[in-house]
Structure formats: C-alpha cells, structure tokens
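1. Next one to model:
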Amino acid sequence: MSVIITGPLQSFPSQLIDSEKVADEKLVVPGAKVSSALNFMRGHGTYLSGEELIASVAGAVEQVNKLLTVKPIKSRYNGEIGDVVVGRITEVQQKRWKVETYARLDSTLMLSSVNLPGGELRRKSVEDELMMREYLKEGDLISAEVQKVHNDGQLSLHTRNLKYGKLSQGTLVKVSPYLVKRRKSHFHTLPCGASIILGCNGNIWISPVASEEQTATGGYAQNLDEVIPMETRAVIARLANCVNVLAKHHIPLYDTTVMLAHEASSNYEVKDLLKPAVATEVAAEVADPMVNPVVIVEESLESLQHQLSDYIKEIIEDALHERKCATVGLSGGSMPKMVAPLLANMHTVKWGQVRLFAADERMEPLTDPESNTGAYLALLPASFKQSFLEVGPISDTAKCAINYAELLRNCEPTIKDGWPILDLLLLGIGPDGHTCSLFPGHPLLKSDTDWVAAINDSPKPPPRRITLTLPVLNHARHVAFICTGEGKADTVKAIINDRDTRLPATLVQPTSGTLHWFLDKGAASKL
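-> Residues are numbered from 1 along each chain as shown. Below is the predicted model:
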C-alpha cells in the first residue's frame, strides 16, 4: 500500500496567485502552486518548476512587494542577528563551544565571544583555552545573543554582556519559536517575584530573581546547593504552567501576556493549570482584552503622563525594531495638550520612520482650532510635520476619506482579513461614550468595508469629518484610551464595568492586540 501526498489539484485555479497581490492568509502544502505570474520573485519555502512557483513547505504565503515566501507553520528556529536565545552546550571544541539552539545546525560560541568570570575584559590566552570546560561544559544552559548568521544558516553567538552567560537554578520550558514575540528586551524581572528570559528560539527560562553577585560575575556564579524558598518555587511552577497554557492555545508570548496569564491563574492551584478546562479558561481570559483590560490609575497628572510616555515610547521603539516603521493614530479634543509634549521629549525616537495620523479629523484648515492635526502641529517642533499624514481635500468629505485611506495603505501596514494592523491608537472618549467620530446609534458603527469613513452629519460640531472605522480600531496591535476628570467617571464606569454596548468606546475590543486605559483619580473614581 502506498500513500501519495500532493498539492491541490490543478482544477482549482483559485489556488494560484496570478495577480499583483497575494490573498490574505493564503495557506499552501508542499507541492502546491503558489503563483503562475512571472513578475514575482522566489523567496524561502518556494522553488521554480518551469514557469510556476511551487511551495516546498506547508505554511502561509507572505508577500513583500514582489517577493513571495512561504512561512512554515512549524519549523526549526531561523535565527536573526540580535536575537536572544537560550541554548545548551553540547560539545567543547578548540576555542569554541557547540550549542543546541534548536536551529537547523548547531550554533557556535567562540571563546573570544564570551565574558570571562567577573566580567574581565582582556584577550583570551592559552590558559583560558585549557580552562574552557571550567567555564562551560556539556549540559550547561546559557543565554546568548545571535552575533552572525552564516550562509549555511549556522548561528554564531556571543555573551559579551553581563546579562548573558551560564544559567543556574530554574525551569526551562520549550515552545514553538514562532510564538515568542520579538521585542526590544527579552529579559524581564516580573512583579510576581521571578525572572524570565524569553528566548527567540522557543526556550523560555524561568528562575529566581538574580542576586547582585550573580549579575556581577558575568553569569558564572552557579550555586546549585542554594535552597530556593517554597514560595519562589511555587511562583516559578505557576509561570511555567502559564507559559505552557499560552503556547497550547497559540497566544503570543511576551511579558504582558505572561503576566496576564499569571493574574488570570491566581484563583487556581498550580496543579490545576494542567487541567484542560482550567487552561482553556485562563487562555480565554488572556485572549479577551475586555475581560481583563489593563487599567492604569495615577494620583497626579504628572505621574499619568510619565506612565503614558513610557508606554508610547516602548511600543514605537518595538515597532521600529521589528518592522523599521511605526504607525501611530492620535485623537483630538483635549488630548493634544497632553500627548504632544510627551512626543516632543522622546529625543531618541527616529521620527523619520514614524507615521503619525489623526484617528479622526474635522474638515477644517490646519490653522483652525478645530483641526486635530493642526492642534498637534502647533504644539510640536516643525520637524514633526513630515511624520503626519496630510488631510485633503477638506472641501469634499467623501474624497478626503478615500485619499486618507490610500495614505494609510502607502504606509504599508501588515494586512489581516483586509484590515490594517496599526501599531498604536491613542483614543479619547466623549461624555456620550463616543470615540474618534463614531457616535452612539450612528450608521457608521456598522461600516465593515471602509478603512476610513466620511461623516457629514456629526452630532457634535463641526458636522463634516472623517474617521477610522470600528474594524480598523479592533485590528490595531495596541489601543489606549486616555481619560481625565471626574466629569467622565460615569462614562468610564459604563464602559469598563458595565460594558454598555450602546457606547461606541465599549465596542473597541482589539481582536489580537492589547487594550489599556490611562486614567487619573477623578476619571476612575466610580470604578
């Protein structure tokens, strides 16, 4: 008996990509025809057969301009320069160690690429080479950074920073590498009392918080005789189970989701997280941003601005690190006076790679006080003008909405199900619960085709506006509502506590992103 596995039959022309645009989330199997168009370039996971592009792996087709690649659903770790990895020493060789990082080939860690015990900086000698097994031996776990990717895919590692090195007591959890979200930092000291290293290769290391002695020795102080308190071990075990729960339910792994899972699991015993029913409940609570939105309440406006500034800066820098571009939507009203000074003080951000735009805009000149874009430009340095998307023509609302949507497309955001995945939206709410220019009971709330919609009968003056639609808001990576003052306390309560779906702001529920609320004491007084 023989079984033949092939791609889709040729009688299904819909399987081919013969246009200028690849279908969103197109899945293929090995042998499937990816494209018959000659103007596409061959990328990873594909090969040419005659004049057709064929998939060599099972996965999702991705397109970057004319380049077509197939991203495998499950594969070995494909390293990139700068990745943080957790690996295990498998062999000690001359002037180098072999490291298992779950890539296609063993990674290498050169003797010249490590810190000596104590963090001493000097050239490595013959004595150091003879003592290599004293530093790292077979079976040791290490954290390292990818320094170079060779042509054959082999990774060269280094541990020249004191935060890298040999790992002591802790728990290792192995997940699929694609689940680990690439961030600016992969080392976190969690408020629950443990440290976590989120290796891009799918190795998650959970351990007690390192002492100053361990931090200062370059990762070579390994005390296996130390007795870890029961409370700390319980926290580590809970975090390990939470990571497994997130991985099992295909939820991206980064510090925020891990902490959300830890908080969601607090009502259960550690061992109960192994039960499928409990694991499903915890995962659902993490996945549903409205079940557990992050609500930040500060006593003073100054401390609220400080929290907001850190939040905005981290998201922008992460986006620039991952995608070389960031898209940030801004609401108007009273928000420009709070947000504009924060943006102006972020001197380390590469604003030339950031696209700023109004989440909704009034059909008024930039010099008019009613213009949201104009309000920001008036408060920001002149250099910020190149980062803002221009609105126009203000005389034709419908055409302006079309042009604005085209400008958003030109920013080349990631597209999912036909909707843009914008990096950050900073939104406000009105006393009636409206956000952007989406008002209670208005037909625009049901818009499910346009990225940007025109409105000529706004209940709030001026009547002519354009606004991002609800699906665009719900596909964003990060959404933050900013609200201050006791005058909005009732509305905030109706949205967060009561979940009054008559209020448009309640309908903002990111499908796969995060939702934050930044409130002062007055706005949060009735929560």
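
2. Which helix or strand lies directly C-terminal to the helix or strand bottoming out on mean pLDDT in the chain?
-> Across the helices and strands of the chain, mean confidence by mean pLDDT, DSSP states H and E is lowest for helix 212-216: a mean of 59. Downstream of helix 212-216, the first helix or strand assigned by DSSP states H and E is helix 230-248.

3. which strands and helices sit next to that next one?
-> On a contact count with 3 or more Cβ pairs under 8 Å, 6 or more residues apart in numbering; DSSP states H and E, helix 230-248 meets strand 171-174, strand 194-198, strand 203-207, helix 255-264, helix 276-287. C-beta here means a position set from N, CA and C on the backbone, and glycine is covered the same way.

4. could the ones you listed go into CSV alongside distance to residue 466 and mean neighbour count?
-> Shown next, in CSV, are the helices and strands packed on helix 230-248 (distance: least, Cβ to Cβ, whole Å; neighbours: other Cβ atoms under 10 Å):
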stretch, distance to residue 466, mean neighbour count
strand 171-174, 47, 17
strand 194-198, 40, 23
strand 203-207, 44, 23
helix 255-264, 32, 20
helix 276-287, 32, 17
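
5. Residue 27: which of those is closest?
-> Nearest to residue 27 among the helices and strands packed on helix 230-248 is helix 276-287; the distance by Cβ to Cβ comes to 21.6 Å.

6. how close does residue 140 get to residue 100?
-> Computed as Cβ to Cβ, to the nearest Å, the residue 140 to residue 100 distance reads 11 Å.

7. If you could redo that for residue 410, that was the one I meant.
-> Residue 410 is 44 Å from residue 100, by Cβ to Cβ.

8. The two: which has the busier surroundings?
-> Shown here are residue 410 and residue 100; by other Cβ atoms under 10 Å, residue 100 has more neighbours (15 against 10).

9. tell me the pLDDT at the more buried one?
-> As predicted, residue 100 sits at a pLDDT of 94.

10. got it, and residue 152?
-> 86.

11. How far off centre is the helix of greatest length in the chain?
-> For the chain, the helix that runs over the most residues, judged by DSSP state H, is helix 301-323. The gap between where helix 301-323 is centred and where its chain is centred comes out at 13 Å by Cα atoms, centre = their mean, to the nearest Å.

12. Likewise for stretch 170-179?
-> 17 Å.

13. how long is that stretch end to end?
-> The straight-line separation of the ends of stretch 170-179 (Cα to Cα, to the nearest Å) is 21 Å.

14. can you list contacts of it?
-> With Cβ atoms under 8 Å, 6 or more residues apart in numbering as the test, stretch 170-179 has contacts from 74, 76-78, 86, 102, 141, 200-208, 236-237, 239-240, 243-244, 246-247, 250-253.

15. could you redo the last one with a cut-off of 7 Å?
-> Residues from elsewhere that reach stretch 170-179, judged by Cβ atoms under 7 Å, 6 or more residues apart in numbering: 74, 77, 141, 200-207, 236, 240, 243-244, 247, 250, 252-253.

16. do stretch 241-261 as well
-> Among residues not part of stretch 241-261, those counted as contacts by Cβ under 7 Å, 6+ apart are 173, 175-176, 179-181, 183, 188, 190, 196, 198, 204, 239, 262, 265, 270, 273-274, 279, 282-283, 286-287, 292, 514.

17. Give me the distance from it to the chain's centre.
-> 13 Å.

18. which stretches of the stretch 151-300 of the chain have low pLDDT?
-> Within the stretch 151-300 of the chain, the stretches with pLDDT under 70 are 211-224, 288-292.

19. wait, residue 39 sits on residue 66?
-> Yes: the pair residue 39 / residue 66 is scored as a contact, 6.3 Å apart, by Cβ atoms under 7 Å.

20. Mind checking which of those two has more residues around it?
-> Just comparing residue 39 and residue 66: by other Cβ under 10 Å the higher neighbour count belongs to residue 66, 11 against 7.

21. Isn't the more buried one up against residue 42?
-> No: between residue 66 and residue 42 there is no contact under Cβ under 7 Å: 10.2 Å.

22. coming back round to it: please identify which of the helices and strands packed on helix 230-248 is closest to residue 357.
-> Among these, the nearest to residue 357 by Cβ to Cβ is helix 255-264 (24.8 Å).

23. Which other helices and strands does the helix or strand hosting residue 127 contact?
-> Using DSSP H and E, residue 127 sits in helix 126-130. Contacts defined by 3 or more Cβ pairs under 7 Å, 6 or more residues apart in numbering; DSSP states H and E place helix 126-130 against no helix or strand at all.

24. again, only using 10 Å
-> Counting contacts by 3 or more Cβ pairs under 10 Å, 6 or more residues apart in numbering; DSSP states H and E, helix 126-130 packs against strand 107-114.

25. Just the mean pLDDT for the strand it packs on, thanks.
-> Per-region confidence: strand 107-114 scores 88 on mean pLDDT.

26. if I pick residue 302, what's in contact with it?
-> When contacts are counted by Cβ atoms under 10 Å, 6 or more residues apart in numbering, residue 302 touches no other residue.

27. Now residue 437: closest residue in space that isn't a chain neighbour?
-> Setting aside the residues directly before and after it, residue 437 is nearest to residue 467 in space (Cβ to Cβ, 6 or more residues apart in numbering), at 3.7 Å.

28. Show the contacting residues for the residue nearest the centre of the chain.
-> In the chain, the C-alpha nearest the mean C-alpha coordinate belongs to residue 181, at 6.0 Å (Cα atoms, centre = their mean). Counting by Cβ under 10 Å, 6+ apart, residue 181 touches 198, 200, 252, 253, 254, 255, 256, 257, 318, 322.

29. quick one: it from residue 204, how far?
-> Distance from residue 181 to residue 204, by Cβ to Cβ: 12 Å.

30. what do those two both touch?
-> Going by Cβ under 10 Å, 6+ apart, residues that sit against residue 181 and also against residue 204 are 198, 253.

31. and the closest residue to residue 486 other than its chain neighbours, backbone torsions?
-> In space, and not counting its chain neighbours, residue 486 is closest to residue 522: 3.8 Å by Cβ to Cβ, 6+ apart. In terms of degrees, to the nearest 10, the main-chain angles of residue 522 are phi -70, psi -50.
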